[in-house]
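Novice: okay, predicted coordinates and the sequence, questions at the end:
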Amino acid sequence: MRLYLALTIAALAAIASACSTVPELPKVEAKATVTVTAPAQSRIPCEATPLPDRDISQAEATDFWSRDRGIIRTCDRRRSAAIGAIDAAGGVP
C-alpha cells in the first residue's frame, strides 16, 4: 500500500510539474547576408609543370607533354567550376 501511495504521489508531482503557467516566448530568427569572393590568384589559369634541366628524348617530350596537358585540363576544369560556383553564389568577379 505504501508503494502504491508513493507511486501515486510521484505521478501526480510529475503531471503537475509538466503544466507550465509561463507563456511561450516568441521565436527569434537570425538572418545573415554573406558575400563570397574568390581571391584574384584563383582566376589565373593553371601553369605547366617544369621540364627537367637536361636534354630529353622525343619519347620523353611526348610523355611530358601529354601528362602536362592532362594535368592542366583537370586543373582548369576544377578551377573554373569552383570560380563559377563562387560567382553564382553572389561573388564579385
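Specialist: Nice, thanks for sending it over. Computed from a prediction, not measured in an experiment: that's the story for all the values here.

Novice: what about the helices in the protein?
Specialist: For the chain, the helices defined by DSSP state H cover 2-18, 58-88.

Novice: those: which one's closest to Arg43?
Specialist: Of all those, it is helix 58-88 that lies closest to Arg43, at 6.3 Å by C-beta to C-beta. Backbone N, C-alpha and C define where each C-beta goes, glycine included.

Novice: relative to Val36, which of the helices of the chain is closest?
Specialist: Set against Val36 and scored by C-beta to C-beta, the helices of the chain come closest in helix 58-88, at 5.5 Å.

Novice: wait, which of the helices of the chain is closest to Gln41?
Specialist: The nearest among those, by C-beta to C-beta, is helix 58-88 at 10.4 Å.

Novice: quick check: mean pLDDT of that closest one?
Specialist: Averaged over helix 58-88, pLDDT sits at 90.

Novice: before we move on, back to that, most tightly packed of the helices of the chain?
Specialist: helix 58-88 (a mean of 12; mean count of other C-beta atoms under 10 Å).

Novice: which residues does stretch 50-60 contact?
Specialist: Phe64 (C-beta atoms under 8 Å, 6 or more residues apart in numbering).

Novice: gap between it and the chain center?
Specialist: 41 Å (C-alpha atoms, centre = their mean, to the nearest Å).

Novice: could you do stretch 60-69 as well?
Specialist: On C-alpha atoms, centre = their mean, the centre of stretch 60-69 falls 34 Å from the chain's centre.

Novice: with stretch 49-56 instead?
Specialist: 38 Å.

Novice: what's the first-to-last distance across that stretch?
Specialist: End-to-end distance for stretch 49-56: 15 Å, by C-alpha to C-alpha, to the nearest Å.
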